[in-house]
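S.K.: got a predicted model here, sequence first, then my questions.
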Amino acid sequence: MKIIALNGSPRKTWNTTTLLNKALEGAASQGAETELIHLNDLNFKGCISCFACKRKDGQHGKCAMKDDLAEILKKLETVDGIIFGSPIYYMSITAGMRALLERFLFSHSIYNPEIPTVYPRKIPAGFIYTMNASEKQIEQFGLKQSLNLHEMMIAKTIGNPLTTLYSYDTYQFSDYENYESSMFSEEAKAKQKAEQFPLDCQRAWEMGIKLASTEI
Ligand SMILES: Cc1cc2nc3c(=O)[nH]c(=O)nc-3n(C[C@H](O)[C@H](O)[C@H](O)COP(=O)(O)O)c2cc1C
């Protein structure tokens, strides 16, 4: 069994990466082979609307773009679980994660109402989000409802609803005194990091266990 994590954060040692690694550790504890892919290391673009994936004489489910994402998209057709991870940038997922989803989702959907997906498998998936905002602020902005729209599209593609994890109020810098950040209390941020973030890590670990234990 193979579980893959796709990291939409450009930072390889911070909040999103830490949670993705915890989720993979949870999956590995159930015997899964795991891999973490940093999207920021790859040279790729979002969908260019060539519609090659929809041609009757073409290959449904295959994105025709030839860049670093091609190999990852191929790999996603063989894995037994996917964990997506992204920080919230301007009230959405990062540009890299968005570009990946455009390619992954669009290539696996054709304009035929009788065929909801041409993705070859039915696998479980999770989505881990990290954000500076508090849970209360996220509720006020209705962010979860908007994120739920792409979760629904992923669920349609892979044939299963997603497990989600929201890590709020994340610690952003290692040295707050060197950055203009007077709108935050570093003390409150440090408290959140010391008390809440370990609980989020535990939830990520449990997500990994759940995905690796799902019967396919
Ligand atoms: C360009 C940019 C935009 C951001 N926009 C938001 C935002 O709209 N809402 C929010 O809560 N946090 C926002 N943040 C904060 C990040 O979501 C937060 O620090 C996250 O935990 C970073 O993930 P990382 O530590 O894995 O890199 C933004 C950060 C950056 C760099």
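M.R.: Yep, it's here. Residues are numbered from 1 along each chain as shown.
S.K.: helices along this protein, start to end?
M.R.: 15-29, 68-76, 95-107, 135-141, 143-158, 186-195, 197-213 (DSSP state H).
S.K.: can you redo those helices as JSON lines with mean neighbour count and mean pLDDT?
M.R.: In short, each C-beta sits where N, CA and C put it, glycine included. Output for the helices of the chain, formatted as JSON lines (neighbours: other CB atoms under 10 Å; pLDDT from 0 to 100):
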{"stretch": "helix 15-29", "mean neighbour count": "23", "mean pLDDT": "98"}
{"stretch": "helix 68-76", "mean neighbour count": "16", "mean pLDDT": "98"}
{"stretch": "helix 95-107", "mean neighbour count": "21", "mean pLDDT": "98"}
{"stretch": "helix 135-141", "mean neighbour count": "13", "mean pLDDT": "96"}
{"stretch": "helix 143-158", "mean neighbour count": "16", "mean pLDDT": "97"}
{"stretch": "helix 186-195", "mean neighbour count": "13", "mean pLDDT": "95"}
{"stretch": "helix 197-213", "mean neighbour count": "19", "mean pLDDT": "98"}
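S.K.: for residue 129, which of those is the nearest?
M.R.: helix 143-158 (6.8 Å; CB to CB).
S.K.: one step back: and the ligand, which of the helices of the chain is closest to it?
M.R.: helix 15-29 (3.2 Å; CB to the nearest ligand atom).
S.K.: restrict the closest one to CA atoms and write it as PDB.
M.R.: Presented in PDB, the C-alpha positions along helix 15-29 are these (Å, rounded to 0.1, in the frame of the first residue of the first chain):
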ATOM      1  CA  ASN A  15       3.500  24.000   9.700                       C
ATOM      2  CA  THR A  16       2.100  22.300   6.700                       C
ATOM      3  CA  THR A  17       5.100  20.100   6.100                       C
ATOM      4  CA  THR A  18       5.200  19.000   9.700                       C
ATOM      5  CA  LEU A  19       1.600  18.000   9.700                       C
ATOM      6  CA  LEU A  20       2.000  16.100   6.400                       C
ATOM      7  CA  ASN A  21       4.900  14.300   7.800                       C
ATOM      8  CA  LYS A  22       2.900  13.300  10.900                       C
ATOM      9  CA  ALA A  23       0.100  12.000   8.700                       C
ATOM     10  CA  LEU A  24       2.600   9.900   6.700                       C
ATOM     11  CA  GLU A  25       4.100   8.600  10.000                       C
ATOM     12  CA  GLY A  26       0.600   7.500  11.000                       C
ATOM     13  CA  ALA A  27       0.100   5.800   7.600                       C
ATOM     14  CA  ALA A  28       3.600   4.100   7.900                       C
ATOM     15  CA  SER A  29       2.600   2.800  11.400                       C
END
